[in-house]
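K.L.:
Just to be clear, the model below is a prediction. Sequence and coordinates:
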Amino acid sequence: MAFQPADSLKSRTFWGLIIAQFLAGFNDQAIHASAMFFALHRDALTEAEAISLMPILFFAPWAIFCTISGHLADRYSKTTALVIWKWSEVLISLILLGGFYLGTVAGHISGAWIVLSCVFLMGTHAAFFAPAKYGAMPEILQPHILSRGNGILESTTFLAAILGTVTGGALSYWFNNREMWIGVILLGLSLFGAVASLMIARLPPANPTRVFPRNPFKPLYDNLKVLLTSKPLALSVLGIAFFVFMVAYMRQTMYMHGETRNPRWDEFRTSLVVAAVALGVGLGAPAAGYLSGGKIELGLVPLGCLGMMFATVLAGFQINNTTMLVIALVIIGIFSGFYMVPLYTLLQHRAPKASKGDLVATSNFINVVGAMAASLLFFFLVEGSRWTGVSPKIDQADNFAVGTLAEVPKFERGHMTEIVIDTAGGARITFTAHSALPKLPFDPANIFPFILEQEEEAQNENFVEFEDNLFEVFGATLKKGDDVVVSTYMRGSVTHYRVRPAGQPLTPVYNNEGLPRFLFFGAAFMTLGILILLVRKLPDFFVRSLFWMRSLGKFRLKAVGMQHLPTHGPVILAANCDRLESSLQLISATDRSTLFVLWENPEQREKAPILRALAQRSALVEVGKADHATWMAAHGRAKKALHHGELLAVTVDGHADDEVESLIADLRQGNAAPIVPVYCGAIDNGAKPRVRVVFGAAVRDGASLADIRQEIRQLGEWVRANDGAAEAAH
């Protein structure tokens with residue numbers, strides 16, 4: 001018997017996927033962190049080079065392999081893809097172990113580069129694993145619990161990122177010069193994850209006859225066209241791409257903030273503070289999944305945006321208070337979960353079944369473009385801050401010392417800690433950094449105090465550093481006997497010494513201490529921009545948000561038959577809704593902009609002035625039974641909505657027969673919009689009734705009003721009799 005989507009989260013296949021993807025995400029970040037620290041320890045990279053190179057190594061495969069990864073996810077069983085790539089993770093861990101062996105036991109520099117290559121390989125692993133993972137979710141879970149499943153999926157993904165980052169750094173500290181043990185540990189976790197993937201039931205191929213394209217760029221173009229012309233899919237991919245953009249932007253902002261601390265934060269401490277966002281997502285994503293109920297709750301998206309805007313402004317004002325900064329970052333993560341879960345669920349649910357993996361891979365391509373755009377924007381903002389004086393130039397004293405290196409410079413985790421120079425006059429000068437990097441307290445009891453402690457300005461300390469550019473290209477180091485020049489400058493009470501090869505011009509130094517505050521404010525402004533863009537895609541966003549807040553705890557809503565709702569083009573929804581609440585239940589169950597022409601039963605008119613007023617501005621036209629003027633106005637707004645390719649819902653069940661028939665006849669003239677019957681109603685009378693919004697198949701052309709009403713009644717009878725199997729059967 002073919003695998004059927006589960007109607008609860010107790011599915012063995014679901015938890016097999018969760019365990020497998022959690023360990024995949026954990027190993028991604030643990031390999032990422034341990035490889036970076038290993039390269040720093042072996043002087044293969046400086047920290048600045050590592051910060052720039054590591055994201056490129058990991059994310060480049062997402063763009064390079066997006067066409068083939070999407071094709072394979074749809075051409076073959078997604079289970080096959082998941083299992084194969086989990087076992088490939090074992091092979092990558094063996095390569096990592098070999099690199100650690102060469103770098104420690106054999107002492108060969110190639111070991112560091114082999115270890116770094118594993119970051120690229122894990123990026124390739126993720127590029128192929130993600131389309132199968134996200135594409136499989138709608139095949140594993142029925143639509144009414146897909147949001148909850150995605151909440152758990154996103155929560156565990158970000159928790160894996162936290163634990164992987166922290167563990168990778170901790171293992172690098174504990175096993176310094178014994179990194180083979182890191183390889184052994186990660187190999188064991190890879191094996192466990194590969195075994196867990198065997199719990200996933202075999203899912204049938206979505207498109208088994210698909211032929212690999214001769215032109216690898218054409219599917220990318222075609223998929224971009226599908227994603228951007230379908231309103232629900234465009235809403236989801238643009239929103240997700242902005243989130244990836246913001247993650248990259250905020251990460252760079254936090255690295256800059258750490259570098260401006262006095263004494264500066266090392267990369268590990270900065271990573272721990274950044275991980276506060278992931279901790280927040282780990283809390284917010286499952287909450288968003290639970291609060292979505294039995295449908296895609298797009299009303300959470302603007303709430304997520306508003307929460308992120310508030311938290312980024314708070315972070316900007318509290319930039320120098322580490323405790324408050326971490327709290328603000330956690331809040332950003334929580335509301336990011338509210339923002340992301342509905343959008344990921346929308347992408348999974350509305351992507352065509354035969355090309356879900358392909359579209360997810362293309363979405364990943366867009367995400368990589370978003371991350372690159374964030375880096376480009378960050379560069380221009382930093383340059384702009386120097387032009388405007390936000391980051392003022394620091395005066396330097398050049399030629400503080402001129403001579404030749406008496407010894408090979410000493411390094412600690414990618415930072416120069418000591419240089420010895422013989423000057424032309426015969427003097428020997430030693431420049432020593434008293435504390436280039438603080439020792440990291442990896443005792444678990446000390447981790448959070450370490451993150452949150454309020455640093456005091458370093459007193460009477462020295463930092464020794466390389467010039468920022470034109471030097472140290474991928475591990476090339478100064479050698480004994482090289483001619484060098486040392487310049488110096490003060491930042492606070494800390495003396496900085498900068499060494500460069502003789503003949504290389506002095507490059508300026510800027511004080512970026514005040515810039516991160518403005519970068520956080522810029523993040524809030526950009527979030528406002530994406531909110532405005534998303535509201536243009538879905539004008540009734542705030543109506544959905546307000547209705548969701550007003551409805552919390554009042555009923556349990558589930559949408560059924562969403563496959564009957566086209567993703568683009570004009571559609572007429574013929575509904576039985578005759579109250580404000582039921583009309584908004586229908587609107588909240590859709591994923592496209594919806595205008596509702598509502599005839600409300602006067603005896604059941606609800607008092608909700610704020611919600612009603614907001615709905616009337618974007619989503620609601622109220623008409624009276626004998627009010628000719630309101631019906632004529634409704635004709636105009638209804639035609640305009642269909643002309644713009646939106647959804648139009650109309651109350652057709654038992655009221656104002658002449659007016660409704662006139663409206664439908666008017667709309668049918670010169671318009672090929674299908675008429676989709678919709679039943680909305682409670683199927684029990686409990687304290688928290690179960691409400692179902694059921695979309696039926698489009699009625700035949702020329703169907704009468706009586707025929708449409710009969711279709712709606714049949715939908716109601718069907719869902720009451722078959723609610724337990726509704727999602728699977730409809």
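P.N.:
That came through fine.
K.L.:
Any chance you could list what contacts stretch 26-36?
P.N.:
Residues outside stretch 26-36 that contact it (Cβ atoms under 8 Å, 6 or more residues apart in numbering): 45, 50, 54, 58, 89, 92-93, 96, 115-116, 118-119, 122, 125-126, 160-161, 163-165, 167-169, 171-172, 179, 182, 186, 189-190, 193, 267, 271. Bear in mind the C-beta positions are built from the backbone N, C-alpha and C, glycine included.
K.L.:
Show the contacting residues for the residue nearest to Phe217 when sequence neighbours are not counted.
P.N.:
In space, and not counting its chain neighbours, Phe217 is closest to Thr67: 7.4 Å by Cβ to Cβ, 6 or more residues apart in numbering. By Cβ under 8 Å, 6+ apart, the contact set of Thr67 is Pro213, Pro216, Phe217, Pro219, Leu220, Ala361.
K.L.:
Kindly indicate the member of those residues with the most neighbours.
P.N.:
Neighbour tally across those (other Cβ atoms under 10 Å): the maximum, 31 neighbours, falls on Ala361.
K.L.:
so which helix or strand takes in that residue?
P.N.:
Using DSSP states H and E, Ala361 maps to helix 356-388.
K.L.:
now that helix: mean pLDDT?
P.N.:
The predicted model assigns helix 356-388 a mean pLDDT of 86.
K.L.:
Off-centre distance for the strand or helix carrying Gly529?
P.N.:
When secondary structure is defined by DSSP H and E, Gly529 falls within helix 515-537. How far helix 515-537 lies from its chain's middle: 16 Å, per Cα atoms, centre = their mean, to the nearest Å.
K.L.:
burial of the nearest residue to Lys639 once chain neighbours are set aside, as a residue count?
P.N.:
Excluding the flanking residues, the one nearest Lys639 by Cβ to Cβ, 6+ apart is Leu667, at 6.8 Å. Using other Cβ under 10 Å, Leu667 has 21 other residues around it.
K.L.:
pretty sure Leu667 is in contact with Leu648, am I right?
P.N.:
Yes: counting by Cβ atoms under 8 Å, Leu667 does reach Leu648; the two are 7.4 Å apart.
K.L.:
out of the contacts of Thr67, which one sits closest to Ala633?
P.N.:
Leu220 (45.2 Å; Cβ to Cβ).
K.L.:
The closest residue to Asp666 other than its chain neighbours: neighbouring residues, count only.
P.N.:
Leaving aside its sequence neighbours, Asp666 sits nearest to His635 (Cβ to Cβ, 6+ apart; 5.7 Å). By other Cβ under 10 Å, the residues close to His635 number 18.
K.L.:
Let's see stretch 321-333 as CSV, backbone CA atoms only.
P.N.:
Presented in CSV, the C-alpha positions along stretch 321-333 are these (Å, rounded to 0.1, in the frame of the first residue of the first chain):
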residue,chain,number,x,y,z
ASN,A,321,24.5,46.6,27.0
THR,A,322,25.4,43.0,26.2
THR,A,323,22.6,41.5,28.4
MET,A,324,19.9,43.7,26.8
LEU,A,325,21.4,43.1,23.3
VAL,A,326,21.2,39.3,23.8
ILE,A,327,17.6,39.7,25.0
ALA,A,328,16.8,41.7,21.9
LEU,A,329,18.4,39.1,19.7
VAL,A,330,16.3,36.4,21.3
ILE,A,331,13.1,38.5,20.7
ILE,A,332,14.2,38.9,17.0
GLY,A,333,14.5,35.1,16.8
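K.L.:
chain center to it, what's the gap?
P.N.:
Here stretch 321-333 is found 18 Å from its chain centre; the criterion is Cα atoms, centre = their mean.
K.L.:
What are the buried residues along that stretch?
P.N.:
Buried residues in stretch 321-333, counted by 16 or more other Cβ atoms under 10 Å: Thr322, Leu325, Val326, Ile327, Ala328, Leu329, Val330, Ile331, Ile332, Gly333.
K.L.:
from those residues, which is closest to Lys607?
P.N.:
Out of these, the member with the shortest distance to Lys607 (by Cβ to Cβ) is Ile331, at 33.9 Å.
K.L.:
what's the helix or strand for the closest one?
P.N.:
Counting by DSSP H and E, Ile331 is found in helix 322-350.
K.L.:
List the contacts of the helix holding Gly529.
P.N.:
Contacts of helix 515-537 (Cβ under 8 Å, 6+ apart): 231, 234-235, 238-239, 242, 246, 249-250, 253-254, 256-257, 260, 301-302, 305-306, 308-309, 312-313, 315-317, 319, 378, 381-382, 385, 390-391, 541-542, 593.
K.L.:
Check which element follows it along the chain.
P.N.:
Sequence order places helix 541-551 as the next helix or strand after helix 515-537, per DSSP H and E.
K.L.:
and that next one, what other elements does it pack with?
P.N.:
Secondary-structure packing of helix 541-551 (3 or more Cβ pairs under 8 Å, 6 or more residues apart in numbering; DSSP states H and E): helix 300-317, helix 515-537, helix 580-589, helix 609-618.
K.L.:
Out of these, which one sits most buried?
P.N.:
helix 580-589 (a mean of 25; mean count of other Cβ atoms under 10 Å).
K.L.:
what inclination does it have with respect to helix 609-618?
P.N.:
Computed by axes from the mean of the first three to the mean of the last three Cα atoms, to 10 degrees, the angle separating helix 580-589 from helix 609-618 equals 50 degrees.
K.L.:
Find the least confident helix or strand in the protein, judged by mean pLDDT.
P.N.:
When each helix and strand of the chain is scored by mean pLDDT, DSSP states H and E, helix 726-729 comes last, with a mean of 44.
K.L.:
quick revisit: could you list every helix and strand in contact with the helix or strand containing the residue nearest to Lys639?
P.N.:
Leu667 is part of helix 657-668, with elements assigned from DSSP H and E. Other helices and strands packing on helix 657-668, by 3+ Cβ pairs under 8 Å, 6+ apart, are strand 571-575, strand 594-599, helix 628-643, strand 647-651, helix 705-722.
K.L.:
pLDDT averaged over the longest one, what's the number?
P.N.:
When pLDDT is averaged along helix 705-722, the result is 89.
K.L.:
elements contacting that helix?
P.N.:
Applying 3+ Cβ pairs under 8 Å, 6+ apart, one finds that helix 705-722 makes contact with strand 571-575, helix 657-668, strand 675-682, strand 690-695.
K.L.:
in its sheet, what does the host helix or strand of Phe400 sit against?
P.N.:
Secondary structure from DSSP H and E places Phe400 in strand 397-405. If you go by DSSP bridges, strand 397-405 pairs up with strand 415-423 (antiparallel), strand 483-491 (antiparallel).
K.L.:
Measure how whichever helix or strand comes after the first one sits relative to strand 483-491, angle-wise.
P.N.:
For strand 415-423, the succeeding helix or strand toward the C-terminus, using DSSP H and E, is strand 428-432. Calculated by the same axes, to 10 degrees, strand 428-432 forms an angle of 50 degrees with strand 483-491.
K.L.:
Partner strands of strand 428-432 and their direction?
P.N.:
strand 415-423 (antiparallel).
K.L.:
Give me the mean pLDDT for the strand it pairs with.
P.N.:
Strand 415-423 comes out at a mean pLDDT of 78.
K.L.:
One more: stretch 149-157?
P.N.:
Rounded mean pLDDT across stretch 149-157 is 86.
K.L.:
what's the offset of that stretch from the middle of its chain?
P.N.:
12 Å.
K.L.:
CA atoms of that stretch as CSV?
P.N.:
In CSV, the C-alpha atoms belonging to stretch 149-157 read as follows (Å, rounded to 0.1, in the frame of the first residue of the first chain):
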residue,chain,number,x,y,z
GLY,A,149,5.3,20.1,11.7
ASN,A,150,7.1,23.0,10.1
GLY,A,151,7.3,24.7,13.5
ILE,A,152,9.1,21.7,14.9
LEU,A,153,11.2,21.4,11.8
GLU,A,154,12.4,25.0,11.9
SER,A,155,12.8,24.9,15.7
THR,A,156,15.1,21.9,15.6
THR,A,157,17.0,23.3,12.6
